[in-house]
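**Q** Output the structure for:
(2 chains)
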Amino acid sequence: MAHTVEPAKPRGDEEAVAPASDETAPRRRRTPAPYLLITPALILLAVVLLWPIVQMVWYSLTSFTTRNLLPNQPGPEWNGFAHYQQLLTDPTFWTILRNTVVVCVLMVGITMVLGTLVGLLLHKMPKWFAGFVSIGMMLAWATPALSASLVFRWLFLPERGLVNVVLDRMPDWLVGSGWLEYNWFLEPGSLFSVLIMVIVWQSFPFVAVSVLAGLKSIPNELYEAARMDGASAWKAFWNVTFPMLRPLFALLLVLQIIWDLRVFTQLYILANSFQNQDVYLLSYYIYQQGFSASPANYGMGSAIAVVMTVMILGVTAYYLRIMIRQGETR
Amino acid sequence: MTAIDNTAGPSARAATAAPGSGAGRRRGAERVYRRSPLRRLRSLPLYLAGIAVFLFSVFPVYWMVVTAFKPVGEIFTRNQTLFPSAPTLEHFDRVVNGQLIPGVNFWQFLGNSLVVTLFAVGMGAFLSLLAAVAVARFRFKLRTAFIILLMIIQMVPMEAMIISIFLNFRQLSDASGVQLLGNLSGLLIVYTAVSLPITIMMLRGFVAAVPKELEEAAAIDGASAWTIFWRILMPLVAPGLVAASIFAFITAWNEFIVALTFLGRSTDHYTLPLTLSYYFGRFGTEWGPIMAASTLLTIPVMVFFLFVQRRMVSGLTMGAVKG
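**A** Numbers count the residues shown, from 1 in each chain, chains lettered A, B, ... in the order given. The predicted model follows:
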């Protein structure tokens, strides 16, 4: 969709106007108006999203199961850092944490490399062709997580899934045999492979289109200078493209990490049960503790949630740094 | 993708470096013109790679749609074909006119989904416009703090907070006497809140771009604050409002985990994604209807996506392209 990243005239002015208006437009008069205007949004955010963060930390320090929700039972009881101690010594948790990190790194890595390559490719191609490919990519991007997960489950289904059928028909010396009955959804290795594929399929278009937009902002003179100096395409990428787009890459990386750490819906459909702890990821573990374990263990679930939130906030801090540097908070 | 996660911001800054790239493009065109057939052939691998990317992107969607149109016999077989030999509407018929969940029909689920998404979109647009005006038009003490708060909130994952959000709404139900779980009311509130950080940041740029002189001129002519808002600000901010609304729509339409926990077994109130997941859990082998329902779930998002795609790219990466 080449036209989408074309110089958009009306937006262009906006860019020109925004910094100027930052100094002149905002009124410095002391009025309660801005506070009145943000209050409704702030209240809603506080009740729905901020307060639960506080509660999450509190619950993680208490012993809290469904039993404590019954009418005549005491509420959650303080038990200090017992959940965290338990987690630290629990090999299951460490396995899940490790799997989450590994799967996330693979998802992000493959998405970034593939997206960047496709962005570079589209930049080299004539406009009509780039537009054609972009439309295709948009289909992948726009498909709801649930639909995408179901399609991939169907594609990789034992006996009738297209992937299994095709692999089975391919020569045995190339791919081995016995693919028709192969169940991708039992073992962590194969299930995570399919999961990574779904995520990469859905997220590389965003990276590709963003990189394409970024490439168009690099003056061609730089590449010409590089060519005069005899730089290869590889060198030109690392010495011209990458430094120019460093802020974009940093931002894309942060967003991808945050989005991929939290993957839930796709795993919920692909794993299709909570039977097999080997295929859990952190978000899945949290949900299982809170809503599928019997009795549901809200305290433990919250402790895992705190671990996950801390990981994400660490990445968010980096994101904020980028945003503040770019003046987005001004 | 859980769309809740997406960030976005104002202004398509991607476009800022336009002049340079425009010149580059023209020069590029000349080069293409002078290319000999041999050099053209050398770019063949690039075209092939592009086509491979296209096929990889499109194929799963194609497979979803094709399966939805295949008769049962062509689905329950090892001889999967790329085209349906006898396309049929039976699966769509079963989804729309049958009962995916016993006792509840498709139109009710569609209605549930529409109610929550439209409420979240309308309410969210209103609240975020107010906040965006505050952030773009006023300098106040807590302004930076508010913006940073929004950026943090938009990153905190719903998946991690799901337990405490659920318990929080349980307490709210007990305290207020209004049942917020097991029906749509809790979802209305959560869905409205979830998109707010993003839509506020999106609208902020649009409001800032409205020349203040316009408003001042109107004020001198004696227009009230309300008139200025409706007659001057609104028409100019409308495109941004549309983009933000579509974004909120897609977010709410796709949302899964909150609906899953809030609605529990109240199948009457299920939204479309939840219905689909429930049906898959019960009748996991009925791939015809599952793919037909997936297709129906996907269509509105695809349509709206066409409109906001540009804003998603430019908004999500904000100023990063400036280099």
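**Q** is stretch A:253-273 anywhere near chain B?
**A** Yes: under the criterion of C-beta under 8 Å from any C-beta of the partner chain, chain B is reached by stretch A:253-273 at A:255, A:258-259, A:261-265, A:268-269, A:272. For glycine as for every other residue, the C-beta is placed from the backbone atoms N, C-alpha and C.
**Q** which one of the residues you listed is nearest residue B:220?
**A** Closest approach to residue B:220 among these (C-beta to C-beta): residue A:255, at 44.5 Å.
**Q** need the next SSE after the host helix or strand of the closest one, C-terminal direction.
**A** Element membership of residue A:255, judged by DSSP states H and E, is helix A:242-261. Per DSSP H and E, the first helix or strand lying C-terminal to helix A:242-261 is helix A:265-271.
**Q** Packing partners of that following helix?
**A** Applying 3 or more C-beta pairs under 8 Å, 6 or more residues apart in numbering or on different chains; DSSP states H and E, one finds that helix A:265-271 contacts helix A:145-155, helix A:188-216, helix A:282-287, helix B:272-282.
**Q** at 10 Å what do you get?
**A** helix A:145-155, helix A:188-216, helix A:282-287, helix B:257-263, helix B:272-282 (3 or more C-beta pairs under 10 Å, 6 or more residues apart in numbering or on different chains; DSSP states H and E).
**Q** could you give the mean pLDDT of the first one?
**A** This means helix A:145-155. For helix A:145-155, mean pLDDT rounds to 96.
**Q** for that helix, packing partners?
**A** Short answer (3+ C-beta pairs under 10 Å, 6+ apart): helix A:145-155 packs on helix A:162-169, helix A:188-216, helix A:265-271, helix B:44-69, helix B:234-254, helix B:272-282, helix B:287-317.
**Q** Which of the ones you listed comes out lowest on mean pLDDT?
**A** Ranked by mean pLDDT, the helices and strands packed on helix A:145-155 bottom out at helix B:287-317, with a mean of 80.
**Q** Off-centre distance for it?
**A** Taking C-alpha atoms, centre = their mean, to the nearest Å, one finds helix B:287-317 lying 7 Å from the centre of the chain it belongs to.
**Q** In JSON lines, list the helices and strands packed on helix A:145-155 along with distance to residue A:107 and mean neighbour count.
**A** JSON lines is the format used below for those (distance: least, C-beta to C-beta, whole Å; neighbours: other C-beta atoms under 10 Å in any protein chain shown):
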{"stretch": "helix A:162-169", "distance to residue A:107": "19", "mean neighbour count": "17"}
{"stretch": "helix A:188-216", "distance to residue A:107": "5", "mean neighbour count": "24"}
{"stretch": "helix A:265-271", "distance to residue A:107": "10", "mean neighbour count": "23"}
{"stretch": "helix B:44-69", "distance to residue A:107": "16", "mean neighbour count": "18"}
{"stretch": "helix B:234-254", "distance to residue A:107": "19", "mean neighbour count": "21"}
{"stretch": "helix B:272-282", "distance to residue A:107": "22", "mean neighbour count": "21"}
{"stretch": "helix B:287-317", "distance to residue A:107": "17", "mean neighbour count": "22"}
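**Q** With respect to residue A:96, which of the ones you listed lies nearest?
**A** Closest to residue A:96 of the helices and strands packed on helix A:145-155 is helix A:188-216 (C-beta to C-beta; 10.1 Å).
**Q** Low-confidence ranges, the chain, go.
**A** All of this is about chain A. Chain A contains residues with pLDDT under 70 at A:1-29.
**Q** Oops, wrong one, chain B.
**A** If you take pLDDT under 70 as the line, chain B has these spans: B:1-39, B:309-323.
**Q** let's see 80
**A** B:1-42, B:306-323 (pLDDT under 80).
**Q** Select, out of the helices and strands packed on helix A:145-155, the one closest to residue B:155.
**A** Among the helices and strands packed on helix A:145-155, helix B:287-317 sits nearest to residue B:155 (C-beta to C-beta), with 12.8 Å.
**Q** between the closest one and helix B:44-69, how many degrees?
**A** Interaxial angle, helix B:287-317 versus helix B:44-69 (axes from the mean of the first three to the mean of the last three C-alpha atoms, to 10 degrees): 130 degrees.
**Q** Run the angle between helix B:287-317 and helix A:145-155 for me.
**A** Calculated by the same axes, to 10 degrees, helix B:287-317 forms an angle of 130 degrees with helix A:145-155.
**Q** Share the number of residues neighbouring residue B:89, please.
**A** When neighbours are counted by other C-beta atoms under 10 Å in any protein chain shown, residue B:89 registers 11.
**Q** Quick check: the gap between it and residue B:70.
**A** Look at residue B:89 and residue B:70: by C-beta to C-beta, to the nearest Å, they are 11 Å apart.
**Q** cool, residue A:82 as well?
**A** Per C-beta to C-beta, residue A:82 is found 54 Å from residue B:70.
**Q** Name the residue in these two with the higher neighbour count.
**A** Using other C-beta under 10 Å as the criterion, residue A:82 and residue B:70 rank with residue B:70 on top: 24 against 16.
**Q** now stretch B:176-183, how far from the centre of its chain.
**A** 27 Å.
**Q** Dump it to CSV, restricted to CA.
**A** This file holds the C-alpha atoms of stretch B:176-183, laid out as CSV (Å, rounded to 0.1, in the frame of the first residue of the first chain):
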residue,chain,number,x,y,z
SER,B,176,-22.9,-0.7,44.0
GLY,B,177,-25.5,-3.4,43.8
VAL,B,178,-25.2,-3.4,40.0
GLN,B,179,-24.1,-6.7,38.6
LEU,B,180,-21.1,-5.9,36.4
LEU,B,181,-20.0,-9.5,35.7
GLY,B,182,-21.9,-12.0,33.7
ASN,B,183,-23.5,-9.3,31.6
